[in-house]
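Asks: When you get a sec, could you give me coordinates for this:
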Amino acid sequence: MPKSLYREFEHVFRSVIENFPETQNTNTNNDNIILAAIPTNQNARHDLVAVGSHIEDEKDRLLNNFLSFARDFCERVTQEGHWADFIDPCSGLPMLSKYCNKVYSEVDGMEVLLNYKSYNAGFCKILTHPKWGSAVYPATIFARAPEGVLRRIITSYPEM
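Replies: Numbers count the residues shown, from 1 in each chain. Alright, predicted model coming up:
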């Protein structure tokens, strides 16, 4: 994970990090455990910068797709004895971790992780996908688990 994104992770998930074994000076071997930011992007049917009820309906559809996937993914990671959480794209807040009230910027995360570009539209920062432009719905999952476990779980999903 890039340092700038790790700093953001520390900011958002401070109370969670304090409970990771290596921060408690235990002798647990965590050499194969990684902290991963898993960016997801859905291609919207419409440019999401536009306004109207059809845009709100599309955002709701994309949000529900992500929530279903993210809940299932995080449940599978935690069933294997590891940690995972996802960011609510509407609020920027973690969905599963308690006592986390700092906001994560999906747009900033996609800029750092995927080198996507963005632009400002008033007070809103708009992500631009290289192929879809602003018809994109970004959302992020964070997980702390062995890389092999994460790869196995991710590849078990059909391409969406």
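Asks: Could you measure from P94 over to D85?
Replies: 5 Å (Cβ to Cβ, to the nearest Å). Placement of C-beta: from N, CA and C, glycine included.
Asks: Okay, the residue nearest the centre of the chain and N32: tell me how far apart.
Replies: Nearest to the geometric centre of the chain sits T140, at 1.2 Å (Cα atoms, centre = their mean). According to Cβ to Cβ, T140 stands 23 Å off from N32.
Asks: Which secondary structure state is assigned to the nearest residue to V103 once chain neighbours are set aside?
Replies: With sequence-adjacent residues excluded and distances taken as Cβ to Cβ, 6 or more residues apart in numbering, V103 is closest to G92, at 3.7 Å. Using DSSP: H, G, I helix; E, B strand; the rest coil, the secondary structure recorded for G92 is coil.
Asks: And for G92, the neighbour number?
Replies: As a burial measure, G92 scores 16 neighbours (other Cβ atoms under 10 Å).
Asks: for G81, same thing?
Replies: By other Cβ under 10 Å, neighbour count at G81 equals 8.
Asks: Return the distance of it relative to V103.
Replies: The gap separating G81 from V103 is 29 Å, by Cβ to Cβ.
Asks: Bridge partners for the residue lying closest to E111 once chain neighbours are set aside, pull those for me.
Replies: Among residues not flanking E111 along the chain, S118 sits closest, at 6.0 Å (Cβ to Cβ, 6+ apart). Listed beta-bridge partners, S118: L127 (assigned using DSSP bridges).
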